[in-house]
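Chemist: the sequence and its predicted three-dimensional model are supplied below.
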Amino acid sequence: MATRIGMHFSLWASAWTREAAEQAVPEAARYGLEVIEIPLLAPETIDVPHARDLLAAHKISPSGSLCLPDDKLATKDPAAARDFVLRALETAHALGCKFLGGVTYSALGYKTGKAPTEAEYENIVVALRPVAKRAEELGMLLGLEPCNRYETHLLNTAAQSLALLDRIGAPNTTVHLDTYHMNIEEKGIGHGFRVAGARAPYIHISESDRGVPGTGTIDWDDAFAALAGIGFAGDLVIESFVTLPPEIASALCVWRPVAKDRYEVLEQGVSTIFGLARKHGLTG
Ligand code: MN
């Protein structure tokens, strides 16, 4: 496997409709991207055969992501969380995804106001162990994305996430790292990648302001040198929240445009990331 660069679908639209997909997929291919991350918050709304044909025609691989709804928290109702992620997993598989990640263990912006408890972690294990098992049967990886302290109290760092993955005890579970969160929580982004090593094969590349990669304060050379150092050969998927559903924008506290338009991300941001990947020997 070689390193691939991709883009989260939210660059184009807030929901995967046939019309939005027909705009996004050819455009992603035109900019040399190889992966599109599809939000699977409402998997039943996706026209799977249409998506598969479109992705195949443009040689784009799909991946999937989600966060849990407020009424299906793994920490409070593990069975509801399990069923929500399982349903998305089946659609992800039908689409051809090899990875389902994101905040698969909680809702964005949900915090108790206290440190995570043993009981909360145990409920996440109960919710996600059967999901990991089903993912394994489907030949898929399940990612848990640690987020910054303002979006969750449960998993903020790579080290915390690894400890929880050990408890789930499934080799196909991964730490879904995101440079935006790492920039807030880790002792340097390179450090976070070194802690996670091979257990983070799918990563979100996001600038310090969620905008155009290369225009903020992330130390990208440190990040890519660390990726090269751990022999990274997975997917680097750019997350730039140009278009978000209102409830997600609210949960993530995105209150102003993070880029001029999507072309600023596709032209400037994508070429910055391709340049870094080449410079550090991650791609040819
Ligand atoms: Mn992310």
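Modeler: Good, I have the coordinates.

Chemist: tell me if I'm right that Lys133 and Pro171 touch.
Modeler: No - the criterion here is CB atoms under 8 Å, and Lys133 misses it with Pro171 at 11.2 Å. Yep, even glycine has a C-beta here, placed from its N, CA and C like the rest.

Chemist: mean pLDDT per helix and strand in the chain: which one sits at the bottom?
Modeler: Lowest on mean pLDDT, DSSP states H and E among the helices and strands of the chain sits helix 246-252, with a mean of 87.

Chemist: flag every buried residue along that helix.
Modeler: By neighbour count on 16 or more other CB atoms under 10 Å, the buried set for helix 246-252 is Ile248, Ala251, Leu252.

Chemist: which element follows it toward the C-terminus?
Modeler: The helix or strand immediately downstream of helix 246-252 is helix 262-264, counting by DSSP states H and E.

Chemist: pull the CA atoms of the following helix or strand past that following helix into CSV?
Modeler: Per DSSP H and E, the first helix or strand lying C-terminal to helix 262-264 is helix 270-279. Extracted in CSV, the C-alpha atoms of helix 270-279 (Å, rounded to 0.1, in the frame of the first residue of the first chain):
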residue,chain,number,x,y,z
VAL,A,270,-4.0,20.1,-2.1
SER,A,271,-0.8,21.1,-3.9
THR,A,272,0.8,22.0,-0.5
ILE,A,273,0.0,18.5,0.8
PHE,A,274,1.2,16.8,-2.4
GLY,A,275,4.4,18.8,-2.2
LEU,A,276,5.0,17.8,1.4
ALA,A,277,4.3,14.1,0.8
ARG,A,278,6.7,14.1,-2.1
LYS,A,279,9.4,16.1,-0.2
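
Chemist: mean confidence score for helix 270-279?
Modeler: For helix 270-279, the mean per-residue pLDDT is 98.

Chemist: gap between that helix and the chain center?
Modeler: Relative to its parent chain, helix 270-279 has a centroid offset of 19 Å by CA atoms, centre = their mean, to the nearest Å.

Chemist: same question, stretch 161-181
Modeler: Here stretch 161-181 shows a centroid-to-chain-centroid distance of 12 Å under the convention CA atoms, centre = their mean.

Chemist: does it come close to the ion?
Modeler: Yes - shown here: stretch 161-181 in contact with the ion (CB under 5 Å from the ion) through Asp178.

Chemist: okay, buried residues for that stretch please.
Modeler: Of all the residues in stretch 161-181, those buried under the rule 16+ other CB under 10 Å are 161-162, 164-165, 168, 170, 172-181.

Chemist: ditto for stretch 126-134
Modeler: In stretch 126-134, the ones that count as buried by 16+ other CB under 10 Å are Ala127, Leu128, Arg129, Pro130, Val131, Ala132, Arg134.

Chemist: and the ion, which of those residues contact it?
Modeler: Here nothing survives when the buried residues of stretch 126-134 are matched to the ion using CB under 5 Å from the ion.

Chemist: so which of those residues are in helices?
Modeler: Members of these lying in helices (criterion: DSSP state H): Ala127, Leu128, Arg129, Pro130, Val131, Ala132, Arg134.

Chemist: all helices of the protein, in order?
Modeler: Under the criterion DSSP H, the chain contains helices at 18-30, 48-57, 78-95, 118-137, 158-168, 179-185, 189-196, 220-229, 246-252, 262-264, 270-279.

Chemist: does the longest strand belonging to the chain reach the ion?
Modeler: Looking across the chain with DSSP state E, the single longest strand is strand 61-67. No - Strand 61-67 is not in contact with the ion by CB under 5 Å from the ion; minimum separation 7.8 Å.

Chemist: which strands border that strand, and is each parallel or antiparallel?
Modeler: Its sheet considered, strand 61-67 pairs with strand 35-39 (parallel), strand 99-103 (parallel) by DSSP bridges.

Chemist: if we can go back for a sec, any residue of the least confident helix or strand of the chain touching the ion?
Modeler: No - using CB under 5 Å from the ion, helix 246-252 stays clear of the ion, with a minimum separation of 9.2 Å.

Chemist: which one is the residue of the stretch 1-150 of the chain found nearest the ion nearest to, not counting chain neighbours?
Modeler: Residue of the stretch 1-150 of the chain nearest the ion, by CB to the ion: Glu145 (5.6 Å). Nearest residue to Glu145, sequence neighbours excluded (CB to CB, 6 or more residues apart in numbering): His176, at 3.8 Å.

Chemist: for the one you found, give me its contacts.
Modeler: Ser65, Gly101, Gly102, Gly143, Leu144, Glu145, Pro146, Ala200, Tyr202, Ile203, His204 (CB atoms under 8 Å, 6 or more residues apart in numbering).

Chemist: good, we can wrap up now.
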